[in-house]
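*Asks:* heads up, no residue letters with this:
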């Protein structure tokens, strides 16, 4: 027969701390949740979706026009569409950027669309570039949702919502014999 250890001194601390464990767990969980909320708020603020070229949502038309003039960009057209004014601009310096479309509602900036065209690129290079842009925005703001895909033309639309803003990525490709049109559009929108 083997002797058993009947010393209870090792069990006393266990018995004393056991009633405190639920309270310690609660404090730990509350602290963990508070830290998560704190970091989530700060991460969201750091990754706020703002328009490109240093603009801010609700910038006035006068401010946007002054910046465009200073950048020597050419305002190609101004159109009124329902309750919005839409400007088409060329000459902003960015690789492959063909035109930029600014949309104003009540004279305040609410959308910026960047239209990229690379005439010498193959469809494979466009597909690769679309993947690079999508990966960049997925890493920065979270995975975008594929909204539609069409094969009658090679078209793909991806949306990412960030707070009260939205980013849409469009890829459009059409070809008939020697006529080829391809564009990648990155649309920033305030909701």
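*Replies:* Good, I have the coordinates. Treat the numbers as computed from the prediction; the structure is a model and nothing was measured. Numbers count the residues shown, from 1 in each chain.
*Asks:* Residue 139 sits in which helix or strand?
*Replies:* Using DSSP states H and E, residue 139 falls within helix 123-141.
*Asks:* Mean pLDDT per helix and strand in the protein: which one sits at the bottom?
*Replies:* Lowest mean confidence among the helices and strands of the chain (mean pLDDT, DSSP states H and E): helix 21-46, at a mean of 36.
*Asks:* Check which residues of whatever helix or strand comes next after that one are buried.
*Replies:* Next in sequence after helix 21-46, counting helices and strands by DSSP H and E, comes helix 61-70. For helix 61-70, the neighbour count (16 or more other C-beta atoms under 10 Å) marks 61, 64, 65, 68 as buried. C-beta here means a position set from N, CA and C on the backbone, and glycine is covered the same way.
*Asks:* Can you report how many residues neighbour residue 123?
*Replies:* Residue 123 is flanked by 12 other residues according to other C-beta atoms under 10 Å.
*Asks:* Distance of the spatially most central residue of the chain relative to residue 191?
*Replies:* Centroid-nearest residue in the chain: residue 141, 4.5 Å away (criterion: C-alpha atoms, centre = their mean). According to C-beta to C-beta, to the nearest Å, residue 141 and residue 191 sit 14 Å apart.
*Asks:* Likewise for residue 56?
*Replies:* Noted for residue 56: a distance of 15 Å to residue 191, by C-beta to C-beta.
*Asks:* cool, residue 64 as well?
*Replies:* 19 Å.
*Asks:* before we move on, what about residue 132?
*Replies:* To residue 191, residue 132 is 26 Å away according to C-beta to C-beta.
*Asks:* same check, this time on residue 125
*Replies:* From residue 125 over to residue 191 the distance is 33 Å, taken as C-beta to C-beta.
*Asks:* and if you look at residue 72?
*Replies:* Between residue 72 and residue 191 the computed distance is 32 Å (C-beta to C-beta).
*Asks:* burial measure for residue 93, as a count.
*Replies:* Residue 93 has 9 neighbouring residues, counting by other C-beta under 10 Å.
*Asks:* quick one, what contacts residue 142?
*Replies:* Taking C-beta atoms under 8 Å, 6 or more residues apart in numbering, we find residue 142 in contact with 160, 162.
*Asks:* measure it to residue 181 for me?
*Replies:* Residue 142 sits 31 Å away from residue 181, going by C-beta to C-beta.
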